[in-house]
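*Asks:* Predicted model, plus sequence, below.
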Amino acid sequence: MTEQLRRQQASDARAGSDRIAAAFGAATAITVVFNVVLAFFKEAYEPLNRVMAQLTGHHWITHGLADILVFVVLGWLFAAGGIPSRGLSQGLVITVAAATVIAGAALAVWFALV
Amino acid sequence: MKDILLFSHPTFGVLAILAAVWAFVEALNAGEANHRRLWLASLAVAGFFVLAWIFGGWYYVAYYPTDKAIILNGPVPWAHSFFMETKEHLFFIPLILALYLPLVARLNVAVNRPARAMVLAVTALIVLNGLALEGAGAIISWGAKTALAQSAQVQANPTSDRGAH
């Protein structure tokens, strides 16, 4: 490892970049699952769909904004709270990947069946 | 305006996929020399995905209801009931991944192994999801085209089997 890379790594740690990346990584995994759960509830429970449509004029706009809000708020809260405590880890990479694959597959199965 | 929105959506989607491939390759070969390029590629992924969201969303909210009615009355209604319904919700998953990517790509992935693995995983998932979305979009367009073709056929020959029904 060169001196410049060492300095960059130390700088990342000092600035809390690693902590922020880990926090928003956890927020990403949760938001991906939240997105799918919201889609299921919205499709299965018409009053929720109607309320979401009334909030912004279209249920899909509300859905997207809710996802962004969950991502940003959770990421910010996790970063402030030092979550996950292990920081950016291989386990978090697997969690994000698994959440994405399972959520995508669940969406496809749901709409194939309903 | 309608057609500009319709064409802008998949165009920015493809650009986001290409940028994700670019970021993936930069992460594979991560070093001092390409740290800035990786950062720029990650910003391009996020930017293009947001543009695909805005243009696609605008079209979906303002114009798609007409397309939906056409597709549902055509011979392949599942182009909407399965592909569009899945696509409109699946889209948010790579969007969130794209927004997250710059936060991890700014780390020194040349020495930070989990960061490098995260960039590789996130970009690969964006590419795979993006390709699935592009394919679904093509099927939805085909659903509308097939419905319109059937309608035109009935108008041209109302006594045919289709017209008699």
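*Replies:* Looks like it arrived, so ask away.
*Asks:* tell me which element residue B:109 falls in.
*Replies:* Assigned by DSSP states H and E, residue B:109 belongs to no helix or strand.
*Asks:* Also residue A:69?
*Replies:* Secondary structure assigned from DSSP H and E places residue A:69 in helix A:59-81.
*Asks:* now do residue B:46
*Replies:* Residue B:46 belongs to helix B:35-62 when assigned by DSSP H and E.
*Asks:* What are the contacting residues of the helix or strand just after that helix?
*Replies:* From helix B:35-62 onward toward the C-terminus, using DSSP H and E, the following helix or strand is helix B:64-72. Residues outside helix B:64-72 that contact it (CB atoms under 8 Å, 6 or more residues apart in numbering or on different chains) are B:77, B:79-81, B:84, B:140, B:143-144, B:147-148. No exception for glycine: its C-beta is placed from N, CA and C like everyone else's.
*Asks:* what's the answer for stretch A:81-97, then?
*Replies:* Around stretch A:81-97, the neighbours that count as contacts under CB under 8 Å, 6+ apart are A:18-19, A:21-23, A:25-26, A:28-29, A:32, A:77-78, B:97, B:104, B:107, B:112-115, B:117-118, B:121-122, B:125.
*Asks:* Show me those residues that map onto helices.
*Replies:* Applying DSSP state H to the contacts of stretch A:81-97, the entries found in helices are A:18-19, A:21-23, A:25-26, A:28-29, A:32, A:77-78, B:97, B:104, B:113-115, B:117-118, B:121-122, B:125.
*Asks:* Quick one, which of these are buried?
*Replies:* Applying 16 or more other CB atoms under 10 Å in any protein chain shown to those, the neighbour count classes A:18-19, A:21-23, A:25-26, A:28-29, A:32, A:78, B:97, B:104, B:114-115, B:117-118, B:121-122, B:125 as buried.
*Asks:* Find the residue closest to residue B:123 in space, skipping its chain neighbours.
*Replies:* Spatially, and ignoring its direct neighbours in sequence, residue B:123 is nearest to residue B:24 (4.0 Å; CB to CB, 6 or more residues apart in numbering or on different chains).
*Asks:* Spell out which residues sit in contact with residue A:58, please.
*Replies:* Each residue near residue A:58 by CB under 8 Å, 6+ apart is listed here: residue B:61.
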